[in-house]
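Enquirer: sequence plus predicted model, see below.
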Amino acid sequence: MSVSFAPRFSAQLVPRVALVTGAATRLGRAIALALAQAGWDVAIHYRNSQAQASETQQDCQDINAAGRFHTFQADLSDADDCRQLAAHVGAHFGSWGAVINSASVFEHDTATSVNANSASNHWQTNTVAPVLLTQALYAHAQQHGTCAVAVNMLDQKLWNLNPDFFSYTLSKSALETATTLLAQALAPIMRVVGVAPGLTLTSHMLSDEQFQALHKLSPLGQSSTPEDVVATVLFALNNASITGTTLLVDGGQHLMKFERDFSLMT
Ligand SMILES: NC(=O)c1ccc[n+]([C@@H]2O[C@H](COP(=O)([O-])OP(=O)(O)OC[C@H]3O[C@@H](n4cnc5c(N)ncnc54)[C@H](OP(=O)(O)O)[C@@H]3O)[C@@H](O)[C@H]2O)c1
């Protein structure tokens, strides 16, 4: 009698090679370093920040001398660049098992100033690129008989809406929906998980004092730290039972009502 096993996600079948987009600086860099620490090989993506990407690569190498770390340049607002990025990562490492979609445009516009250019730039970079990279990773996993994980960086403000940063919010809202749709469509080969930080790092629109005050503005008395966000990304990567949902890591900021975006709360 032949026994047929239902296909299932297997953590053992995930190659420990991760592409981190926007890994030259800030949260993307912190995620890349944490992955290196956890024994993953890392494809360090950047657009303009070449020197900082090389620094991330060197720092990953210092953390794990035996690990493989390489930088890749791509403009994620360009669909061809997205496809080439995925192909180059596959060609360089042989196999890969995770993408952390962290690169993001965050430019201010409003319901009255939004135009086709700002909407399109946010849509292509923040929504389409993560979907195309996830699609490419899924095709790679199918070809190689492996499993894979995508982590999409979202934002607590999706659960706590205000109309500032109109295009950014729309693009991340679509990415949150894509997280559900992709998880449904790509199981059991692939898991797709959202991670939604609160205010974690400052923006060019805030002074240090303003940032420190706003960071305290949460039910827990502090919003997320980079360490909290990184730990949540690693948890999403490692927990074989999580898909199609978003982990909010924000000190509970999504439970509060803010009339304006943090960057505009002076
Ligand atoms: N920081 C926070 O407090 C916070 C809060 C909530 C959510 N998040 C989310 O967490 C993620 C990381 O946040 P972050 O503050 O570290 O991000 P960030 O500094 O705003 O952006 C990260 C990187 O995105 C890259 N990027 C922008 N446009 C690109 C394009 N067209 N093609 C390729 N790369 C592009 C840039 O790379 P180059 O410098 O190489 O050009 C940039 O360094 C984002 O998805 C963000 O929405 C962050």
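Expert: Thanks, I have it.
Enquirer: how much space between the closest residue to Ser104 other than its chain neighbours and the ligand?
Expert: The spatial neighbour of Ser104 that comes closest, neighbours along the chain excluded (CB to CB, 6 or more residues apart in numbering), is Asn126 at 5.4 Å. C-beta: built from backbone N, CA, C; applies to glycine. Applying CB to the nearest ligand atom, to the nearest Å, the value for Asn126 to the ligand is 7 Å.
Enquirer: in three-state terms, label Asn126 for me.
Expert: At Asn126 the chain is in helix, as set by DSSP: H, G, I helix; E, B strand; the rest coil.
Enquirer: so the helix or strand of the chain with the lowest mean pLDDT, near the ligand or not?
Expert: When the helices and strands of the chain are scored by mean pLDDT, DSSP states H and E, helix 208-215 comes last with a mean of 95. No: judged by CB under 6 Å from any ligand atom, helix 208-215 makes no contact with the ligand; its nearest approach is 9.2 Å.
Enquirer: identify the residue spatially nearest to Leu85, adjacent ones excluded.
Expert: That would be Ala74: by CB to CB, 6+ apart, it lies 4.0 Å from Leu85.
Enquirer: got the contact list for the one you found?
Expert: Shown in contact with Ala74 (CB atoms under 8 Å, 6 or more residues apart in numbering): 45, 47, 81-82, 84-85.
Enquirer: just the buried ones from those residues?
Expert: Neighbour counting with 16 or more other CB atoms under 10 Å marks 45, 47, 81-82, 85 as buried within the contacts of Ala74.
Enquirer: return the residues of the stretch 51-200 of the chain in contact with the ligand.
Expert: The stretch 51-200 of the chain comes close to the ligand at residues 75-77, 102-106, 125, 153, 155, 197, 199-200, as judged by CB under 6 Å from any ligand atom.
Enquirer: how about a cut-off of 8 Å?
Expert: Within the stretch 51-200 of the chain, the positions lying close to the ligand (CB under 8 Å from any ligand atom) are 52-53, 74-78, 81, 101-106, 121, 124-126, 129, 153-157, 168, 172, 195-200.
Enquirer: rewinding a little: distance of the residue nearest to Ser104 relative to Thr21?
Expert: Counting by CB to CB, to the nearest Å, the gap between Asn126 and Thr21 amounts to 11 Å.
Enquirer: just checking, Thr225 touches Leu201?
Expert: No: contact criterion CB atoms under 8 Å: Thr225 and Leu201 do not qualify, at 9.4 Å.
Enquirer: avg pLDDT for the longest strand seen in the chain?
Expert: Using DSSP state E, we find that the single longest strand of the chain is strand 190-197. If you average the pLDDT over strand 190-197, you get 98.
Enquirer: before we move on, what about stretch 13-27?
Expert: For stretch 13-27, mean pLDDT is 98.
Enquirer: next, the angle from the helix or strand following the least confident helix or strand of the chain to strand 190-197.
Expert: Once helix 208-215 ends, the next helix or strand along the chain (criterion: DSSP states H and E) is helix 226-238. Helix 226-238 runs at 170 degrees relative to strand 190-197, counting by axes from the mean of the first three to the mean of the last three CA atoms, to 10 degrees.
Enquirer: what does helix 226-238 contact?
Expert: By CB under 8 Å, 6+ apart, the residues outside helix 226-238 that reach it are 11, 18, 27, 30-31, 34-35, 38, 98, 100, 149, 151, 193, 195, 197, 200-201, 242, 247, 249.
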